[in-house]
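Enquirer: Structure for this input, please:
(2 chains)
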Amino acid sequence: MSENTLIGKPEIRVDAWSKVTGQAEYIADFPLEDVHFGYVLRSPHPHASIRRIDIAKALQIEGVLDVITIEDVPGEKIVGDIIPDRPVLAQEKVRLVGEPVAIVVATSKYVAEQGGKAVKVDYQPLIPVFDPVQALEEGAPLVHASGNLVSHIEVQDGDPKAGFQEADLILEETFYVPHIYPGYLEPEAAQAQWNPDGSLIVWVSSQKPFHDRHLICQVLGLPEEKVIVRVATVGGAFGGKEDSSLAILAALAAWKTKTTVRLVNTREESLLAHPKRHSGQLHYKAGFKKDGTLVTMQVTSYLDTGAYASYGPAVGQLHSEVVTGPYKVPNVRVDTYVVYTNSPIAGAMRGFGAPQANFAAESLMDIAAGKLGIHPVDLRRKNIWRPGDRSYTRVRINQAESLQLSLEIAEKEYRRLKEIPASPGKVSGVGLSLSVQTMGLGFRVPDDSAHALEWLPDGRVRLYLGAPELGQGLMTVAAQITADALGLSLDKIEIALLDTSQVPDGGVSCASRMTYSVGNATIMASRQLIQGLIEEAAKLLDVEPAALYYEKGHVVRKDRPDLAPIPVSEITSRLAENGQILKRQAVFSFPYGPETPDHLPIGMPHVLFCFGAHVIRVEVDPELGTIEPKEIVAIHDVGKIINRSTLEGQVEGAISMGLGYALMEEMKLKPDGKWVDNLTEYLLPTIMDMPPIIKTVFLEVPEESGPHGAKGIGEMGLTPVASAVANAVYDAIGVRVKAIPIRPEAIIKSK
Amino acid sequence: MQRIQVSLKVNGKKYRLETPPNRTLLEVLREDLGLTGAKDGCSSGECGACTVLLDGRAVNSCLVLIGSADGHSIETVEGLQKAGMPHPLQKAFVEKGAVQCGFCTPGMLMAAKALLDQNPKPDEEQIRTALAGNLCRCTGYTKIIDAVQEAAKELRYE
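Expert: The predicted structure is shown next:
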């Protein structure tokens, strides 16, 4: 590799200056001229049938343009991300608190809100169900007429029954995980503009503009060329902005009123109505031999996907694939039930089913270690995947050696942290856990990512990035990889606005797949762009392409070493004069090769894994039950560091989210029947909740299919946090917590 | 609704405006003055994204009724640059990687400025206390603490 490569450098984010000066435009910041405002009237009931919606009074209010209900939807009235089960606006019944029932469009947000209050909806409350296990019982209230079971994923390998006969120790444990809120600081927003030719431009704060376009077209019955989706600055997403509801509603409102309509959620709407992480109950039964060998595992999970499926079936699949942890288990039986309830919708959220599994599996390993009298590190060492091993889904494990490396570093850190004395009045404990997170969308799910590059007349390169920057640093990493591939400095790369009519489909920004997919595609496009440049230059110079080569922004003539290298701008500006554009597009397809096991349903298995380990020292106050994280060491194999600064940022941010999951966050149904709907009751970690020391350790075991060997990192930093905290709490005071968030009450009660 | 007259000095510039009295300082800054740097993350003082300085003090502008800002001096993120030069806090946030999605950034910067204006040499605990009302979901705060320390150093010409 050349010395002045950009790869690995902590380059400054390309969007940083616009963000520190307040110039970055989120949808709510757009100019106010000629904009109308929508107010979404939402259900106050978790489950009710709608007898009548009376909009007459609202329509009489001055400034109200229209009130839109499901009757106004010209195309598909019911859509979905995987299963079409979700009415665009409530149809006949509501299934969750916050479900959109009508949109009032008015000249100002105040008038729209007044209009919303004037809409009268006659509800007949129905009995709700909030527990996924109860929802599957006979006679449970039906959330959907089709039944409450969304999907049942069953996977088996080996002979679990025989496995239990072999086992010396059989453990049975149930773990509980909560619904949690992605909690991006920018609430969902969308703005749609109707044009006189019948087309729409829809601005979104979204992870998936091309899916948004698809769904908008379905709902409005429009061809895709009539709808342009553009992505504004996105104020965080974490999976939660894989939901198209607000984009669809804005488009519908603009289409119906033939105007421009902006919708911006309040924090309350965001908390109630947009997808969460699945809560659930996870039943584990595992068999170990005396020497610690894990011989069999049976896991039954009930995941609460709330009122609509969203990405629930896919979450259930990924969850199923990683429930055993990164361990070799010859006999496995997994049953995952994804279930409808009247809870808030659960869908995609950072980790996508893996954090739930990790909390259970890594807690279970420590419980087993205790019962077997084996050190938790040694028990893991005995069972981790080794090079050449296959998962129980029969996927050959990539970079399995990084698991062992992670564990070795974790062990050293564990021993170091054990030596640190507790603060006065506190008890110190150290917990460790391993982490496995998959990359990509799963076998037989379209998992392509297309991006394009254009060499501009001034010699700079425009990157048509086909998937959104969410705050994670995608634009910077993509620009770095592109600049490196073209031998240019980073400031020579500009990134085009993500407009679905201008950029290729880069897929959804999700699933720890962006650095990997975008990096690969931009390297391919760079090579093609250079080849195109040489061909065009050869024509202009009237030489054979073989007489030319490209180097760092210049075309060099092999046949005339006496001539100075020609700057690319001299060639591209000549092309521009002739009306020619030098642009190349490349598609990277996720490598589900011929050896991918094909015995599983569509979406399974995932074939690339990311590994890591976390070690956490906490201090517990035995009187108050409070838990204070003091130091976290996060060890992750990233294949290759592209940008150390944004990489650390991903892991540090994921750790704070993981600590929230472990210790404080929960979408809770309060005794008064209302969900928490504000940030006073739904606690997100503040700067005071972060431990004084966070240490990140990155391993670089290259993934041969990755750009420069890089793998994903978006999700993995969160996955092992809760289990490491729970294991540390046990280490401190001997209380085994099997439900998160771990609240002080649980500690005090268990003592 | 009867409108009230309000005088504000925002980033050194004087404004006189008429507005219904039930609006917040945040709404007036964003909607009337076009200063959209301060963000509305919760409308209830829980997230800190709307933080601006009112007479040098960090406030949640979503909780300040416009009438109570009458006659006062306001600083927003748009006023941080002086003569085209970035404030050391802006520079440090950029260089230390303290920015991700950026939605909390303007409020975070203003809360940090209020601290550094009062206390040029804060320790880590004081930085944490000063930023305790500003939520960030992306960064885990680590790099924000680094950035504030770095900016403090630069402001002290160290």
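Enquirer: use CA for all of it now, contacts and neighbours both
Expert: Will do.
Enquirer: Need the contact partners of the least confident helix or strand in chain A by mean pLDDT.
Expert: One helix or strand of chain A scores below all others by mean pLDDT, DSSP states H and E: helix A:744-750, with a mean of 91. Applying CA atoms under 8 Å, 6 or more residues apart in numbering or on different chains, the contact partners of helix A:744-750 are A:622, A:623, A:624, A:625, A:626, A:627, A:735, A:737.
Enquirer: Any buried residues in that helix, and which?
Expert: Under the neighbour-count criterion of 16 or more other CA atoms under 10 Å in any protein chain shown, helix A:744-750 has A:744, A:746, A:747 buried.
Enquirer: Look up how far residue A:697 lies from the last one.
Expert: As defined by CA to CA, to the nearest Å, residue A:747 lies at a distance of 31 Å from residue A:697.
Enquirer: What of the first one?
Expert: Applying CA to CA, one obtains 31 Å for the distance of residue A:744 from residue A:697.
Enquirer: Identify the residue of chain B closest to chain A, quick one.
Expert: At 3.5 Å from chain A, residue B:101 is the closest residue in chain B, using CA to the nearest CA.
Enquirer: Now for the residue nearest to that residue when sequence neighbours are not counted: which residues touch it?
Expert: Nearest residue to residue B:101, sequence neighbours excluded (CA to CA, 6 or more residues apart in numbering or on different chains): residue A:471, at 3.5 Å. By CA under 8 Å, 6+ apart, residue A:471 lies in contact with A:234, A:235, A:236, B:100, B:101, B:102, B:138.
Enquirer: Relative to chain B, which of the buried residues of helix A:744-750 is nearest.
Expert: Of the buried residues of helix A:744-750, the one sitting nearest to chain B (CA to the nearest CA) turns out to be residue A:744, at 21.3 Å.
Enquirer: Of all pairs in the contacts of helix A:744-750, which one is the farthest apart?
Expert: Greatest spacing in the contacts of helix A:744-750, by CA to CA: A:623 and A:737 (16.8 Å).
Enquirer: More neighbours: which of the two?
Expert: Higher neighbour count among residue A:623 and residue A:737: residue A:737, with 21 against 12, using other CA atoms under 10 Å in any protein chain shown.
Enquirer: from what I can see that one touches residue A:725, true?
Expert: No: counting by CA atoms under 8 Å, residue A:737 stays clear of residue A:725, with 9.8 Å between them.
Enquirer: any idea how the chain splits into domains?
Expert: Because you didn't say which chain, this covers chain A. Split into domains by automatic domain parsing, chain A comes to A:16-21+A:448-589, A:34-126+A:188-264, A:279-442+A:596-750.
Enquirer: not what I meant, chain B
Expert: B:4-79, B:88-155.
Enquirer: Return the most buried member of the ones you listed.
Expert: Among the domains of chain B, domain B:88-155 has the highest mean neighbour count (mean count of other CA atoms under 10 Å in any protein chain shown), at a mean of 23.
Enquirer: Chain neighbours aside, what residue packs nearest to residue A:532?
Expert: Counting by CA to CA, 6+ apart, residue A:532 lies nearest to residue A:582, which is 7.1 Å off, once chain neighbours are set aside.
Enquirer: Looking at strand pairing, list the partners for the one you found.
Expert: According to DSSP bridges, the residues that bridge with residue A:582 are residue A:455.
Enquirer: Pull the contacting residues for the closest residue to residue A:290 other than its chain neighbours.
Expert: In space, and not counting its chain neighbours, residue A:290 is closest to residue A:168: 5.7 Å by CA to CA, 6+ apart. Residues in contact with residue A:168 (CA under 8 Å, 6+ apart) are A:287, A:288, A:289, A:290.
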